[in-house]
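# Let's see this in three dimensions:
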Amino acid sequence: MKITVNGDECEISSYTLSGLLEELGYTTGRIATAVDGLFVPAGLRGDQCLGEGMRVEILSPMQGG
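Modelled structure (predicted):
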């Protein structure tokens, strides 16, 4: 299925947000996620279904000043 992740079109095999994160290698560290512009809390990522054409944003905190 094709979705957009952080602005780039991707072909993925996962049908949940948590599966997508694992598929893309986001298995450690803190991140924030949004699907089609709506924030998805970490505890709900396994319930968040993905479909053709959806937009996913994955953000990780950065240190600096």
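
# what are the ranges of the strands in this structure?
For the chain, the strands defined by DSSP state E occupy 2-5, 8-11, 32-35, 38-40, 55-59.

# closest to L20 out of the ones you listed?
L20 lies closest to strand 55-59 among the strands of the chain, at 6.6 Å (Cβ to Cβ). (C-beta placed from N, C-alpha, C; glycine too.)

# What average pLDDT does that closest one get?
For strand 55-59, the mean pLDDT works out to 97.

# How far off centre is it?
5 Å (Cα atoms, centre = their mean, to the nearest Å).

# try stretch 43-59
From the chain centre to the centre of stretch 43-59 is a distance of 5 Å (Cα atoms, centre = their mean).

# cool, stretch 3-19 as well?
7 Å.

# how about it: buried residues?
Residues 3, 17-19 are the ones in stretch 3-19 that count as buried (16 or more other Cβ atoms under 10 Å).

# Kindly export it (C-alpha atoms) in CSV.
Extracted as CSV, the C-alpha positions of stretch 3-19 are listed here (Å, rounded to 0.1, in the frame of the first residue of the first chain):
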residue,chain,number,x,y,z
ILE,A,3,1.2,6.2,2.0
THR,A,4,3.2,9.4,2.6
VAL,A,5,5.6,9.4,5.5
ASN,A,6,7.2,12.7,6.4
GLY,A,7,6.5,14.0,2.9
ASP,A,8,7.9,11.0,1.0
GLU,A,9,5.7,8.5,-0.7
CYS,A,10,6.4,4.9,0.6
GLU,A,11,5.3,1.4,-0.3
ILE,A,12,4.5,-0.3,3.0
SER,A,13,3.2,-3.7,4.2
SER,A,14,1.9,-2.7,7.6
TYR,A,15,-1.7,-1.9,8.3
THR,A,16,-1.3,-0.2,11.7
LEU,A,17,0.8,2.8,12.8
SER,A,18,2.7,0.6,15.3
GLY,A,19,3.5,-1.9,12.6
